[in-house]
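Engineer: Turn this into a model:
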Amino acid sequence: MQNVTDNVHTDTTIRGCNPSFVVTSDGVVVIDTPQLPTKAIAMRQAAEQHGRIRYVINTEHHVDHIFGNYYFRGAGDVVHHQGVYDNFMVVGPDLDPFAYAAEAIPTDDPEGAAIFPERDEYYEDPNKGTLVFTGNLTLRVGGHTFDLIHTPGHTPGQVAVHVPEERVVFTGDTVFNECQTWLMTSDVDEWVAALDTIGRLDVDHVVPGHGPVTTKKYLATQRSVLLEWKSAVAVAVAKGWSREETIERVNFSARYPVDIGQGYMMDHIQNLNAGSLWDKLTAVG
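Structural biologist: The predicted model follows:
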């Protein structure tokens, strides 16, 4: 794992989110868990070398941030915003999160097949939130403060985790650094406001949901990506393009690669982003 500071560790090299942990004088706080089984087990072992795990915080409900919770059972309280708790591994019309997690095993973690649970076994105890909150929440562990700041936009329950003593913020997928941004069913206006919230923090290090560790300077780039997508689709709607025409013609695939292990999903991301924005901008009432 990468040492962001002496106490802050993250992994930006695996498929899924950037799972991280912070070492304090009274245990360890985990922020997002690896999607891949062997990586989750390895991260738990690495974290526990520094002390007992006090909390596992998930910044959002998307499967690449939460599936690894299964392998952290018995390791501290799981902390969820209500929006994360309510949507945790819920099968929706467009995505079965369990199937999505299973899909990555043959290509990205074949050794994980031996410890990948059956569906029924998994859902018996996926290690969902035991400490659930609305708004913001502050946790204090040893000499460290963990400010969980509600930053909706990418998802309704999105949180950023600010650790002022380390001058670091974990943004979850509010920031995709130098890789394709997944809009999905996000609210772009809320997302831009979330970037403003993070921009007001006094930090040196920004640990994004995807891509390399960066600084607050990248927040302006992330903002521009969101506004370019929204503007391009708004222009398409103004021209009277249909949903299908918009998906065909609005495309930012040349801007950035897809994050690790998901290059095959480039067309899916472009289609999903353009289509979801078209739906929002043409919604009646």
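Engineer: what about the strands in this structure?
Structural biologist: With DSSP state E as the criterion, the chain has strands at 2-3, 8-10, 20-24, 27-31, 53-57, 77-81, 131-133, 137-141, 144-150, 159-163, 168-176, 205-210.
Engineer: Deepest-packed of those strands, please.
Structural biologist: Most buried of the strands of the chain, by mean neighbour count (mean count of other Cβ atoms under 10 Å): strand 168-176, with a mean of 27. Backbone N, C-alpha and C define where each C-beta goes, glycine included.
Engineer: Next, the angle strand 53-57 makes with that strand.
Structural biologist: 30 degrees (axes from the mean of the first three to the mean of the last three Cα atoms, to 10 degrees).
Engineer: which other helices and strands contact strand 168-176?
Structural biologist: strand 159-163, helix 188-199, strand 205-210, helix 218-238 (3 or more Cβ pairs under 8 Å, 6 or more residues apart in numbering; DSSP states H and E).
Engineer: give me that answer again for 6 Å
Structural biologist: Where contact means 3 or more Cβ pairs under 6 Å, 6 or more residues apart in numbering; DSSP states H and E, strand 168-176 is packed against strand 159-163, strand 205-210.
Engineer: Could I get the ones you listed in JSON lines, plus columns for distance to residue 39 and mean pLDDT?
Structural biologist: Shown next, in JSON lines, are the helices and strands packed on strand 168-176 (distance: least, Cβ to Cβ, whole Å; pLDDT from 0 to 100):
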{"stretch": "strand 159-163", "distance to residue 39": "20", "mean pLDDT": "98"}
{"stretch": "strand 205-210", "distance to residue 39": "15", "mean pLDDT": "98"}
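Engineer: nearest to residue 178, of those strands?
Structural biologist: strand 205-210 (9.0 Å; Cβ to Cβ).
Engineer: follow-up on the earlier one: mind putting the strands of the chain into JSON lines with distance to residue 232?
Structural biologist: Formatted as JSON lines, those follow (distance: least, Cβ to Cβ, whole Å):
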{"stretch": "strand 2-3", "distance to residue 232": "34"}
{"stretch": "strand 8-10", "distance to residue 232": "32"}
{"stretch": "strand 20-24", "distance to residue 232": "33"}
{"stretch": "strand 27-31", "distance to residue 232": "33"}
{"stretch": "strand 53-57", "distance to residue 232": "34"}
{"stretch": "strand 77-81", "distance to residue 232": "31"}
{"stretch": "strand 131-133", "distance to residue 232": "36"}
{"stretch": "strand 137-141", "distance to residue 232": "37"}
{"stretch": "strand 144-150", "distance to residue 232": "29"}
{"stretch": "strand 159-163", "distance to residue 232": "27"}
{"stretch": "strand 168-176", "distance to residue 232": "17"}
{"stretch": "strand 205-210", "distance to residue 232": "22"}
